[in-house]
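> below: sequence and its predicted model.
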There are 2 protein chains.
Amino acid sequence: MILLGIDPGCRFAGFGVIRKQNGVVVLLEHGCLRLSASKPLSERIALFHDFFLGKIVQYHVTDLALETPFLGKNAQNFLKLGYLRGVLYLLAHKNTIHIHEFSPREIKQGITGFGGASKEQVARVITQLFPRINPVFETNDISDALAVTLCGLWNTQKSQTF
Amino acid sequence: MILLGIDPGCRFAGFGVIRKQNGVVVLLEHGCLRLSASKPLSERIALFHDFFLGKIVQYHVTDLALETPFLGKNAQNFLKLGYLRGVLYLLAHKNTIHIHEFSPREIKQGITGFGGASKEQVARVITQLFPRINPVFETNDISDALAVTLCGLWNTQKSQTF
């Protein structure tokens, strides 16, 4: 199983790729796609599509983990998140990838044991789980993406066990 | 210029294709893509993508006209509209298509001369403008799509004239 977890955004899109084989979990890659705000939205959406299609093909991704979106104060940001998620749904269908979705609370609960945890608490647990990676994340997007990737991994393990 | 206007929806997506050549405007096709609610969302998004990619290639579409979305009572519908619009932005960028966007008020104003017009009033004007097409639209999605297509046409004419 190769799991891709993404925290999508029109400026920064954090991601993590995890492989699980014979019970061994390996973090293959983590990072953040940066999209310049000066580029038109349609170009950023196309860059986002091409970047994650590249990762899907490169790692033979089988599963995609995403956070369920919630409507915050800014409806336009919610809509833009919809644009990127639409592209991910398209990529998932075209590449026969299973989608796992988790609410923000489920992710925080899964990672820290507490559904009301802060982004910093989530990031701290992530660095403990992956001690070899840079302990100071450039942006919270990367630790958020790794958190959702791990939730996807545990979710699949659960469904395999029971 | 070949203009594709779409009123996107996860169940019904109305569309119109208009060609303008040497001052003559021809309605090449109009219709509604129906997506079964029993299909998973990712499959519907992929069907929506493939259908409109087909139209873009078939007619050599140069311009795309869309209504700007607004957040209604249902945030989930707004998000789903975002999924489809994200796919359209992607298609527009990949096929070098110019996007024209209009608010619901601009469309009603453009078609009927009154920004607060009802859907029925818009549909009536559309059937007057295209007398050869079926006067009773199966769904409002088709007349809405033709309305936004015409706005796109007039918008391009304006930008060509001035």
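Thanks, I have the structure now.
> per-residue confidence for the closest residue to A:Cys10 other than its chain neighbours?
Setting aside the residues directly before and after it, A:Cys10 is nearest to A:Lys80 in space (CB to CB, 6 or more residues apart in numbering or on different chains), at 4.8 Å. Where C-beta positions appear, they are placed from N, C-alpha and C, glycine not excepted. pLDDT recorded at A:Lys80 is 93.
> secondary structure element holding A:Lys80?
Applying DSSP states H and E as the criterion places A:Lys80 in helix A:75-94.
> helix or strand right after that helix?
Counting by DSSP H and E, the next helix or strand C-terminal to helix A:75-94 is strand A:98-102.
> and the angle from that next one to helix A:75-94?
Counting by axes from the mean of the first three to the mean of the last three CA atoms, to 10 degrees, strand A:98-102 lies at 150 degrees to helix A:75-94.
> one step back: contacts only, for the residue nearest to A:Cys10.
Each residue near A:Lys80 by CB atoms under 8 Å, 6 or more residues apart in numbering or on different chains is listed here: A:10, A:41, B:82.
> so what's the residue count around the second one?
Neighbour count for A:Leu41, taken as other CB atoms under 10 Å in any protein chain shown: 17.
> can you tell me the residue of chain A closest to chain B?
The nearest approach of chain A to chain B comes at A:Gly82, 1.9 Å away (CB to the nearest CB).
> so what's that residue closest to, chain neighbours aside?
Going by CB to CB, 6+ apart, A:Gly82 has B:Gly82 as its nearest residue, at 1.9 Å.
> doesn't A:Phe78 make contact with that neighbour?
Yes: between B:Gly82 and A:Phe78 there is a contact under CB atoms under 8 Å: 7.4 Å.
> hang on, A:Ile133 in a helix?
No: counting by DSSP: H, G, I helix; E, B strand; the rest coil, A:Ile133 falls outside a helix, being coil.
> any idea how far A:Gln58 is from it?
19 Å (CB to CB, to the nearest Å).
> between the two, which one's more packed in?
Legend: neighbour count by other CB under 10 Å for A:Ile133 and A:Gln58, higher for A:Ile133 (16 against 12).
> my guess is that one meets A:Glu29, correct?
No: assessed by CB under 8 Å, A:Ile133 is found out of contact with A:Glu29, at 10.3 Å.
> helices of chain A, residue ranges please.
Using DSSP state H, the helices of chain A run over A:41-59, A:75-94, A:104-112, A:119-129, A:140-161.
> where among the ones you listed is the average confidence lowest?
Sorting the helices of chain A by mean pLDDT places helix A:140-161 lowest, at a mean of 80.
> quick one, that one and helix A:119-129 angle?
Using the same axes, to 10 degrees: helix A:140-161 against helix A:119-129 is 60 degrees.
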